[in-house]
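Asker: Sequence first, then the predicted structure:
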Amino acid sequence: MEIAISCLVAGGVSVFIMGVIYSLNYKKLIVAERLAVHVREQKDVYLPPELNRSFKERISKLIGGFLSRISSRVIPQNKKEAHEKKLLAAGNPLGLTAVGFLALKYLFFFLSVLLGLLTHNFFYLVIFMIAGFIIPDFYLKTKERQRKEIFSKSLPDVLDLLCVSVEAGLGFDAALQKITEKYPGPLSDEFGKVLKEINMGRPRSEALRDMANRVEVEDITVLIGSIIQADQLGVSISNVLKLQSAQVRANRRMRAEEKAQQAPVKILIPLVLFIFPTILIILLGPAVIQIVNTF
């Protein structure tokens, strides 16, 4: 009986203390709840595309735009067009235009020359000048090669999804829309651009040809040519997609076998330069030392 009374008394005291604390902090709790609701609502507010980009992309675009406005009157038109094509093939890294990329390239070259001059050595100056001229183009070429590898790897899976969608009764445009929703990546982004151009009233064949010119991947060029031809001749697109999927997988297997055959030749370089000299030093070193001590 005494234990029950003690528990009731302790519970009553605890409830009384909690009530006092709640009454003292009532206004603070109401304000905190309103702030939490306001924060949740702010998360659903639409943000412009500029704010959805990363800080690096925004800064790069800002600097590139400033430099492009300065150098747009200096850079020849033919050089702009050539680099615009390269940037399209590389996927427009950092959102740069041709003028912005060329401006950054010249700025990088100028900084490399300045760094070479600070070394007070003509040999280092030449090295920095060559590096400053080559590195931007090498970066662009690397991005282009990586993008083409992604296209080649994802093309068979995209073709399978496209074929399944068409066989399920969807039209070709609806199947492309399904790819952009279910298979995110550079290839689906390119198909998304094709869909936008088609919705704006451009003929499908022209939009697909422009995509082939942007991507510059042989398998995709052949695929688009087959789709355009099937569309013009009235051939079933699903059969064309099946054949192209099998051909793309066969081409990928052949490229993998070709790289595997090149591996022994590439291994010779580290063997000759690093492994063989080390083995010779270990095997012949003691004998050479003994011969030198003898004579």
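Answerer: That came through, no problem.

Asker: ok, and for stretch 122-137, which residues are buried?
Answerer: Judged by neighbour count using 16 or more other Cβ atoms under 10 Å, the buried positions of stretch 122-137 are 125, 128-129, 132-133, 136. Glycine gets a C-beta too; all of them are placed from N, C-alpha and C.

Asker: With pLDDT, distance to Lys259 and secondary structure as added columns, please give those residues in TSV.
Answerer: Supplementary listing: the buried residues of stretch 122-137 in TSV, determined by pLDDT from 0 to 100; distance: Cβ to Cβ, whole Å; DSSP: H, G, I helix; E, B strand; the rest coil:
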residue	pLDDT	distance to Lys259	secondary structure
Leu125	87	39	helix
Phe128	88	34	helix
Met129	88	35	helix
Gly132	87	32	helix
Phe133	86	31	helix
Pro136	89	28	helix
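
Asker: Okay, domains of this structure per the record?
Answerer: For the chain, automatic domain parsing gives the domain ranges 54-146, 148-253.

Asker: Looking at those, which is nearest to Gly285?
Answerer: Nearest to Gly285 among the domains of the chain is domain 54-146; the distance by Cβ to Cβ comes to 33.3 Å.

Asker: Give me the distance from that closest one to the chain's centre.
Answerer: Domain 54-146 has its average C-alpha position 19 Å from the chain's average C-alpha position, going by Cα atoms, centre = their mean, to the nearest Å.

Asker: can you check stretch 168-177 too?
Answerer: Taking mean C-alpha positions (Cα atoms, centre = their mean), stretch 168-177 and its chain are 26 Å apart.

Asker: what mean pLDDT would you report for that stretch?
Answerer: Taken as a whole, stretch 168-177 has a mean pLDDT of 86.

Asker: what's in contact with it?
Answerer: In this structure, residues lying in contact with stretch 168-177 by Cβ atoms under 8 Å, 6 or more residues apart in numbering are 162, 165-166, 178, 191-192, 194-195, 198, 204, 227, 231, 237.

Asker: ok, now stretch 219-236?
Answerer: Stretch 219-236 is touched from outside by 151-152, 155, 159, 172, 204-205, 208-209, 211-212, 215, 237, 240-241, 243-244, 247-248, 251, with contacts defined as Cβ under 8 Å, 6+ apart.

Asker: one more time with 6 Å
Answerer: Contact partners of stretch 219-236, identified using Cβ atoms under 6 Å, 6 or more residues apart in numbering, comprise 155, 205, 208, 212, 237, 240, 244, 248.

Asker: what mean pLDDT does it have?
Answerer: Stretch 219-236 shows an average pLDDT of 85 in the prediction.

Asker: With stretch 278-294 instead?
Answerer: The average pLDDT for stretch 278-294 rounds to 83.

Asker: tell me the pLDDT at Arg209?
Answerer: In the predicted model, Arg209 carries a pLDDT score of 90.

Asker: Pull out the buried residues from stretch 172-189.
Answerer: Buried residues in stretch 172-189, counting neighbours by 16+ other Cβ under 10 Å, are found at 172, 175-180, 183, 185, 187-188.

Asker: any idea how far Val113 lies from Glu81?
Answerer: Taken as Cβ to Cβ, to the nearest Å, the spacing of Val113 relative to Glu81 amounts to 27 Å.

Asker: Which one of these two is surrounded by more residues?
Answerer: For Val113 against Glu81, the residue with the higher neighbour count under other Cβ atoms under 10 Å is Val113, and the figures read 15 against 10.
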